[in-house]
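Enquirer: okay, sequence plus prediction incoming.
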2 protein chains.
Amino acid sequence: MRVTIKEIANALGVSPSTVSRALNNVPGVTEEVRNRVRRLAREMGYKPSAAARSLVTKRTGNIGLFIPRGLSFVMTNPFFAEVMEGIVGVLDGDGYNYVFCSSPRQYRKLFVTNMVDGMILFALRLGDPYIDELESSDVPAVVVGSYIESLGIPAVRPDDSGGTFQAVSHLIRQGHTRIGLLNGPLSSYKSRGCLQGYRSAFLEHGIEEDDSLLLCGEFVMDWGLEGARRLMGMKNPPTAVMCANDLIAQGVYRYAFETGLRIPEDLSVVGFGDFPVASYMTPPLTTVHTPLREMGARAASLLRALMQGEGAGTTNIVFPVRLVERQSTAAKHG
Amino acid sequence: MRVTIKEIANALGVSPSTVSRALNNVPGVTEEVRNRVRRLAREMGYKPSAAARSLVTKRTGNIGLFIPRGLSFVMTNPFFAEVMEGIVGVLDGDGYNYVFCSSPRQYRKLFVTNMVDGMILFALRLGDPYIDELESSDVPAVVVGSYIESLGIPAVRPDDSGGTFQAVSHLIRQGHTRIGLLNGPLSSYKSRGCLQGYRSAFLEHGIEEDDSLLLCGEFVMDWGLEGARRLMGMKNPPTAVMCANDLIAQGVYRYAFETGLRIPEDLSVVGFGDFPVASYMTPPLTTVHTPLREMGARAASLLRALMQGEGAGTTNIVFPVRLVERQSTAAKHG
DNA sequence: CTGAAAGCGCTTACAG
DNA sequence: CTGAAAGCGCTTACAG
């Protein structure tokens, strides 16, 4: 059987209260008693029960990661790794553990079962299940990377439309007029931002856009490959392509390699995110740098404030981004 | 205040036991009562307390992810994303949530606090802290990707030495005799396997190896870049390089791009892992394919058996791997 | 089918 | 500084 605080108390001839206080570094206990308790606890192999403790304290010490897209979506996308890095950086001193679920069936457990003190909502999209339940739940939460207007939850996200505007404008300035957009799904806020930025750039420069160059898919490499295939298979293919993230750009690179297309001589490509891999690509990718870590850090401090009872209101923090030019873009030929 | 089972019971004029049974789909309750309970529970916004429940059931419904390397190590390395995919695939029907910790300080919480029903141990290395405590803990666990002999915990891992043997032999057959090895740290079981495989290949082919070509670093892109720099800066640089994983190979690619070295004409490179990115690299990477998902699935079923009380013994399952030739290797010139 | 009761393992006022 | 007591919110034999 598992040893409890009571058994330690009996063995030592003190009360459970004392053992509890000794083990938890609560003041009122002699150093001597505290030490005796501790030693014995170790010897007996005592393990506190997280359940019992949180039942009374009403705290779990857990942060939930709400991931409607599924675990692999997140583990596979450097966006989240970087953001998590930022989050962990600020929250780590507080000693939290992180719990995430891998499928819709389990989402609810997270916030409907009081097993977390707060939640980070990743990759939320329009129409995701449980979203409203989520809102009515009283678990403090902050969403990162997206922003669902109707949701009364603070959000931290990059300036997707501004970044795309910058990137596409740069391409236009280089002489490109036929620019493909390999976007994510329109249920994603990010995709909507990209689309909007793309359009503003064309508007701004007085160039007419061709809607057949606007393709929606997923934020993965496979889509980049497939999308490039579609774009370049057109009768009048684009000379440049804007990708909604760096993963998609990797897919475009593969297409180029397979077909002998040279980047940037034959095709300019721009990514979004500036994931670590961007500068490791051949050639290094011109992309929109996004302060992922900073965003994570910000989300974390927001969450902490919320968990401490400080209301944050319906904050919507937009982080500025900037184009970093590497070697995948060039002026249009001829 | 949060609504409890008791309040529902009072409101309905039944006992808490009945409410509990109704909510948990336990037999002995009339359909009618069950429905009334459920409806009211929903109306009142009832949320079960995970803590209270697991205090009595002794189950948490959580799987712990023990990651001595830290969260970002894992999120940044496709090895784990793929393995997790496999794990989740088999365990998902069981409705588990996953909890991981991000820093050493929190490791212990996982297994010393009974907050998980089982654990997956990732990226374990020689000398990692808490390892022995871990063993004496009675939480069912399985390690994946490494294998610490002294630990009485079942392990699932790829044939690192066999894979490296295959790869290096292939390089030798292509005429390469000076082959660099960009390895991970020697505290990693994987690195040891790679080193061993490398050596056997040289032995097998009766070629003398040059130990100055054996470099240890980390399993990240940055190390690949740095390692390649060191290797190629030698007076007599290698004509091929074996990388302990695909991330390291990406670093070598970057070095090559920066210095104008052509892959595979000037330098052959082989990776290990066959991460999704491998076929997206320019040129596509020749690498040792590792059945990551299958490994994860296997680890999961092992863990499940353990959690159901079936002892697994000191299993040590080694998955076979195979070299997949793509376009980053070529016969040695002249 | 339903209820009263005990108990899971802890923490925390409340007294002393 | 220390202890007795109550209670956190549930589940589960045990009776009926």
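Expert: Thanks, I have the structure now.

Enquirer: next, give phi and psi for residue A:265.
Expert: phi -50, psi -50 (degrees, to the nearest 10).

Enquirer: from chain B, how far out is it?
Expert: 14 Å (CB to the nearest CB, to the nearest Å). Using the backbone N, CA and C atoms, a C-beta is placed for each residue, glycine as well.

Enquirer: and the residue nearest to that residue when sequence neighbours are not counted, how many neighbours?
Expert: Leaving out its chain neighbours, the residue that sits closest to residue A:265 by CB to CB, 6 or more residues apart in numbering or on different chains is residue A:330, at 6.6 Å. Under the neighbour criterion other CB atoms under 10 Å in any protein chain shown, residue A:330 is assigned a count of 20.

Enquirer: residue A:310 too?
Expert: 10.

Enquirer: again with residue A:31
Expert: 8.

Enquirer: the helix or strand bottoming out on mean pLDDT in chain A: what's the following helix or strand?
Expert: When the helices and strands of chain A are scored by mean pLDDT, DSSP states H and E, helix A:104-112 comes last with a mean of 71. Downstream of helix A:104-112, the next assigned helix or strand under DSSP states H and E is strand A:118-122.

Enquirer: now do that next one: which elements does it pack against?
Expert: strand A:62-66, helix A:78-91, strand A:141-144, helix A:292-307 (3 or more CB pairs under 8 Å, 6 or more residues apart in numbering or on different chains; DSSP states H and E).

Enquirer: so it versus helix A:78-91, what angle?
Expert: Following axes from the mean of the first three to the mean of the last three CA atoms, to 10 degrees, one obtains 160 degrees for the angle between strand A:118-122 and helix A:78-91.

Enquirer: what mean pLDDT does strand A:118-122 have?
Expert: For strand A:118-122, mean pLDDT is 90.

Enquirer: where does chain A come near DNA strand D, residue by residue?
Expert: A:13-18, A:21, A:27-30, A:33, A:52, A:55-56 (CB under 7 Å from any atom of the strand).

Enquirer: hang on, the earlier thing: the residue nearest to residue A:265 against residue A:268, yeah?
Expert: Yes - counting by CB atoms under 8 Å, residue A:330 does reach residue A:268; the two are 5.8 Å apart.

Enquirer: shared neighbours, those two?
Expert: Here residue A:330 and residue A:268 have residue A:174 as joint contacts, going by CB atoms under 8 Å, 6 or more residues apart in numbering or on different chains.

Enquirer: any figure for the gap between residue A:145 and chain B?
Expert: From residue A:145 to chain B the distance is 15 Å (CB to the nearest CB).

Enquirer: cool, and residue A:165?
Expert: Counting by CB to the nearest CB, the gap between residue A:165 and chain B amounts to 28 Å.

Enquirer: number of nearby residues for the residue in the stretch 201-334 of chain A that chain B sits nearest to?
Expert: Nearest to chain B, among the residues of the stretch 201-334 of chain A, is residue A:282, at 4.2 Å (CB to the nearest CB). Residue A:282 sits with 20 neighbouring residues when counted by other CB under 10 Å.

Enquirer: what's the spacing between it and residue B:249?
Expert: 12 Å (CB to CB, to the nearest Å).

Enquirer: which residues do those two both contact?
Expert: Listed as contacting both residue A:282 and residue B:249 by CB under 8 Å, 6+ apart are residue B:281.

Enquirer: so what's residue A:313 scoring on pLDDT?
Expert: Looking at residue A:313, its pLDDT stands at 66.

Enquirer: one more: residue A:334?
Expert: 58.

Enquirer: who does residue A:273 form a beta bridge with?
Expert: Beta-bridge partners of residue A:273, counted by DSSP bridges, are residue A:289.

Enquirer: give me the buried positions along stretch A:220-229.
Expert: Using 16 or more other CB atoms under 10 Å in any protein chain shown as the test for burial, stretch A:220-229 gives A:220-228.

Enquirer: if you could redo that for stretch A:248-266, that was the one I meant.
Expert: For stretch A:248-266, by 16+ other CB under 10 Å, it's A:248-257, A:261, A:263-264.

Enquirer: closest one of those residues to residue B:244?
Expert: residue A:250 (21.9 Å; CB to CB).

Enquirer: and the closest one, what element?
Expert: Short version, using DSSP H and E: residue A:250 is in helix A:246-259.

Enquirer: is any part of that helix close to chain B?
Expert: Yes - on the criterion CB under 8 Å from any CB of the partner chain, helix A:246-259 is in touch with chain B at A:250-251, A:253-254, A:256-257.

Enquirer: take the buried residues of stretch A:220-229 and keep only those in helices.
Expert: Judged by DSSP state H, helices contain the following of those: A:221-228.

Enquirer: and of the residues you listed, the nearest to DNA strand C?
Expert: residue A:221 (47.7 Å; CB to the nearest atom of the strand).

Enquirer: now that closest one: how far from residue A:249?
Expert: Counting by CB to CB, the gap from residue A:221 to residue A:249 is 9 Å.

Enquirer: residue A:56 now?
Expert: For residue A:56 relative to residue A:249 (CB to CB), the value is 52 Å.

Enquirer: got the residues of helix A:246-259 next to chain B as JSON lines, with pLDDT and distance to DNA strand C columns?
Expert: Shown next, in JSON lines, are the residues of helix A:246-259 next to chain B (pLDDT from 0 to 100; distance: CB to the nearest atom of the strand, whole Å):
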{"residue": "A:250", "pLDDT": "98", "distance to DNA strand C": "49"}
{"residue": "A:251", "pLDDT": "98", "distance to DNA strand C": "51"}
{"residue": "A:253", "pLDDT": "98", "distance to DNA strand C": "54"}
{"residue": "A:254", "pLDDT": "98", "distance to DNA strand C": "54"}
{"residue": "A:256", "pLDDT": "98", "distance to DNA strand C": "60"}
{"residue": "A:257", "pLDDT": "97", "distance to DNA strand C": "59"}
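
Enquirer: nearest to residue A:317 among the residues you listed?
Expert: residue A:250 (28.7 Å).

Enquirer: stretch A:242-259: how far from the chain's middle?
Expert: Computed by CA atoms, centre = their mean, to the nearest Å, the chain-centroid distance of stretch A:242-259 equals 22 Å.
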